[in-house]
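J.: This is a predicted model, with the sequence first.
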Amino acid sequence: MQGVLTGFAVLATVIAVGYVLGRRGHLGPDGAAVLTRLAFNVATPALLFSTLLDAELSMILSGRLLITAIGTAAAAALFIAVAAIRSWSIGYTTVGALCSAYVNAGNLGIPIAAYVLGDASLIAPVMLFQQLIAAPIALAVLDLTREGDRVSLLRRLTAPVRNPVTIGALTGVAVAATGWTVPGPVLEPVVLIGNMAVPAVLLAFGISLYGSGVPGRGRDGPAVLLATTLKTIAQPLIVWALATGVFHLGGTALRDVVVTSALPAAQNIYTYAAHYRVAERFARDAVLLSTLVSAPVLVVVATLLG
């Protein structure tokens with residue numbers, strides 16, 4: 001279980017540094033906001049572009065990707081159903097659906113795939129699905145429902161392709177599809193900028209924790225607990241049922257898809273919420289609580305299926 005512990009230790013360390021920065025005020029009152037804008041508009045698009053350049057496009061049609069897609073949709077749909085009953089706003093519901101189904105495939109998924117599953121590339125189908133399908137849909141909804149905006153028809157139609165995160169992902173896949181090799185002098189600065197994405201997101205998340213209460217309490221408490229339960233318990237169970245009952249997976253293949261589905265909610269969700277100024281506290285608390293809960297869940301899953 002060294003891989004699980006190592007991945008969480010790396011996350012916790014960088015988030016703790018962000019918390020100290022927030023406590024001491026070294027980056028000023030707008031430090032978290034600046035880091036969030038940097039990650040959303042520049043660093044994350046660069047990271048996705050450079051990461052997806054070498055993507056195996058055949059994985060888009062793989063059985064594992066289909067299991068991931070169905071499991072993600074099912075967990076998100078459960079949250080949306082409850083949100084509809086509770087009459088939560090569209091923006092709040094969108095963030096909640098992401099917290100219930102959108103896994104931390106990058107800064108936690110990659111090390112866990114490498115150390116626990118033995119192959120970092122196993123996380124690639126999850127990353128492709130989330131960055132090419134799930135994220136563009138969610139960000140388009142957030143963009144179109146932004147409060148105070150008068151949304152034209154052209155803006156509605158082009159929302160998915162105007163988002164920096166979506167642009168970075170789609171551009172990377174397009175270049176991979178052509179087989180073109182990006183020259184080193186062009187790619188290296190993009191990679192350098194992209195390397196800022198993960199630490200910027202984690203530091204901003206850590207800064208936001210200073211002065212916050214215990215996650216799962218307050219007005220957002222029910223939604224946070226619901227999203228955490230769906231993400232850490234329901235989604236892995238749904239994926240396990242699909243993998244065994246429908247796709248007849250077993251052995252390491254079954255372990256791989258269940259472990260990746262049991263990853264916690266991604267810190268990127270807080271970045272999206274902060275950028276659109278919707279459900280920021282909800283996103284922060286759900287990401288934090290799901291990260292804490294998923295650690296023992298991952299240990300149990302890896303032990304039972306390993």
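T.: Now that the structure is in, tell me what you want to look at. Numbering: from 1, shown residues only.
J.: residue boundaries of the strands in the protein?
T.: Shown for the chain, no strands are assigned by DSSP state E.
J.: OK, contacts around Ala97?
T.: By C-beta atoms under 8 Å, 6 or more residues apart in numbering, the contact set of Ala97 is Ala76, Phe79, Ile80, Ala83, Ala138. For glycine as for every other residue, the C-beta is placed from the backbone atoms N, C-alpha and C.
J.: is it true that Leu289 touches Leu230?
T.: No: here Leu289 lies out of contact with Leu230, judged by C-beta atoms under 8 Å, at a distance of 11.9 Å.
J.: Which of the two has more residues huddled nearby?
T.: With neighbours defined as other C-beta atoms under 10 Å, Leu289 and Leu230 compare such that Leu230 has more, 26 against 23.
J.: Surely the more buried one and Leu78 touch.
T.: Yes: with contact defined as C-beta under 8 Å, Leu230 counts as touching Leu78 (5.7 Å).
J.: Please enumerate the shared neighbours of these two.
T.: With contacts defined as C-beta under 8 Å, 6+ apart, the residues shared by Leu230 and Leu78 are Ser100.
J.: Which residue is the nearest non-sequential neighbour of Gly31?
T.: Excluding the flanking residues, the one nearest Gly31 by C-beta to C-beta, 6 or more residues apart in numbering is Ile207, at 5.6 Å.
J.: ok, how many other residues are close to that neighbour?
T.: Quick note: Ile207 (other C-beta under 10 Å) scores 25 neighbours.
J.: give the contact list for it.
T.: Neighbouring residues of Ile207 by C-beta under 8 Å, 6+ apart: Gly18, Tyr19, Leu21, Gly22, Leu27, Gly31, Ala32, Leu35.
J.: Tell me the one among those residues nearest to Asp220.
T.: Nearest to Asp220 out of the contacts of Ile207 is Ala32 (C-beta to C-beta; 18.2 Å).
J.: Tell me the confidence at the closest residue to that closest one other than its chain neighbours?
T.: Leaving aside its sequence neighbours, Ala32 sits nearest to Ile207 (C-beta to C-beta, 6+ apart; 4.1 Å). For Ile207, the model assigns a pLDDT of 88.
J.: Pro125 too?
T.: pLDDT at Pro125 comes out at 76.
J.: That one contacts Gly63, correct?
T.: No: counting by C-beta under 8 Å, Pro125 does not reach Gly63; the two are 9.4 Å apart.
J.: of those two, who's got more company?
T.: Using other C-beta under 10 Å as the criterion, Pro125 and Gly63 rank with Pro125 on top: 26 against 15.
J.: And the more buried one, how far from Leu108?
T.: Going from Pro125 to Leu108 by C-beta to C-beta, to the nearest Å gives 16 Å.
J.: Any stretches of the stretch 101-250 of the chain with poor pLDDT?
T.: Low-confidence segments of the stretch 101-250 of the chain (pLDDT under 70): 106-107, 110-111, 114-115, 118-121, 147-162, 212-214, 216.
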